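*Asks:* A predicted structure for the sequence below; I have some questions about it.
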Amino acid sequence: GAVVSQHPSRVICKSGTSVKIECRSLDFQATTMFWYRQFPKKSLMLMATSNEGSKATYEQGVEKDKFLINHASLTLSTLTVTSAHPEDSSFYICSASEGTKNIQYFGAGTRLSVL
Amino acid sequence: KQEVTQIPAALSVPEGENLVLNCSFTDSAIYNLQWFRQDPGKGLTSLLLIQSSQREQTSGRLNASLDKSSGRSTLYIAASQPGDSATYLCAVTRYSTGNQFYFGTGTSLTVIP
């Protein structure tokens, strides 16, 4: 099956720093990528939808200046958590879908801990 | 807005038992429904995908059913094993809002040896 690589798997940073998370589709072209956030013992909540070459569409309540999403190529999307604070600590997961196929492939997730 | 609910939130069973996890969704206009497994601190592993035109899918000891008109899906696990312990998530996609998933609240399963 298709593979989506997410990096890093875990990051610990100081409050105020920015963190970049990468999501790559390894063997297919991902026209659309999605970023989810998961709070402890909660389900995944969609943060934004990212289409290659265009601005991301953010879900209500998600700060676009806080969570910068770039989808510069058909195989790479990045999520940058700017000026991270402890409340941004969470598990972030990306997914990618290929063309018109309505199947998503998920990355392994990134555990962000902000001290 | 689509809302997906899973019952029970947590389930503990002895090894060998058959069990059923439930998923319900408020809007029946779905494209497909997928069941995932998530181990603690890990990403998602896709278990079964049911297209809206299908009624069930089977893989090994797992069987998922879909009743789109009533907004329900079940995941049946036969002869449970300790290795089945994980959180199980169902998710649906919908035509009108692209193909992003709406995830359920999850069922945390513990299979006791």
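*Replies:* Now that the structure is in, tell me what you want to look at.
*Asks:* Return the residues of chain B in contact with chain A.
*Replies:* Residues of chain B found near chain A (CB under 8 Å from any CB of the partner chain) are B:31-32, B:36, B:41-44, B:46, B:49, B:89, B:91, B:93, B:98-106, B:108. The C-beta positions use only the backbone N, C-alpha and C, and glycine is treated the same way.
*Asks:* go with 6 Å
*Replies:* Counting by CB under 6 Å from any CB of the partner chain, chain B comes close to chain A at B:31, B:43-44, B:93, B:99-100, B:103, B:105-106.
*Asks:* Lowest mean pLDDT among the helices and strands, pick that one out for chain A.
*Replies:* strand A:104-106 (a mean of 83; mean pLDDT, DSSP states H and E).
*Asks:* partners of it in the sheet?
*Replies:* The partner list of strand A:104-106 in its sheet, established with DSSP bridges, is strand A:90-98 (antiparallel).
*Asks:* Can you get me a residue count around the residue in chain B that chain A sits nearest to?
*Replies:* At 3.8 Å from chain A, residue B:43 is the closest residue in chain B, using CB to the nearest CB. Other residues lying near residue B:43 total 20 when counted by other CB atoms under 10 Å in any protein chain shown.
*Asks:* same check, this time on the one 10 residues further on
*Replies:* Here the number of neighbours of residue B:53 (other CB under 10 Å) works out to 9.
*Asks:* I'd like the distance between it and residue A:105.
*Replies:* Look at residue B:53 and residue A:105: by CB to CB, to the nearest Å, they are 22 Å apart.
*Asks:* Next: residue B:64.
*Replies:* Relative to residue A:105, and taking CB to CB, residue B:64 is found at 19 Å.
*Asks:* Which residue of the two possesses the greater neighbour count?
*Replies:* Applying other CB under 10 Å to residue B:64 and residue A:105 shows that residue B:64 carries more neighbours, namely 25 against 22.
*Asks:* So for stretch B:78-86, mean pLDDT?
*Replies:* Stretch B:78-86 shows a mean pLDDT of 97.
*Asks:* Restrict it to CA atoms and write it as CSV.
*Replies:* Extracted in CSV, the C-alpha atoms of stretch B:78-86 (Å, rounded to 0.1, in the frame of the first residue of the first chain):
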residue,chain,number,x,y,z
ALA,B,78,-13.8,-12.8,16.7
ALA,B,79,-11.8,-14.8,19.2
SER,B,80,-10.1,-11.7,20.7
GLN,B,81,-6.4,-11.8,21.6
PRO,B,82,-4.3,-9.6,23.9
GLY,B,83,-2.6,-8.2,20.8
ASP,B,84,-6.0,-6.7,19.8
SER,B,85,-5.7,-4.3,22.7
ALA,B,86,-5.7,-0.8,21.2
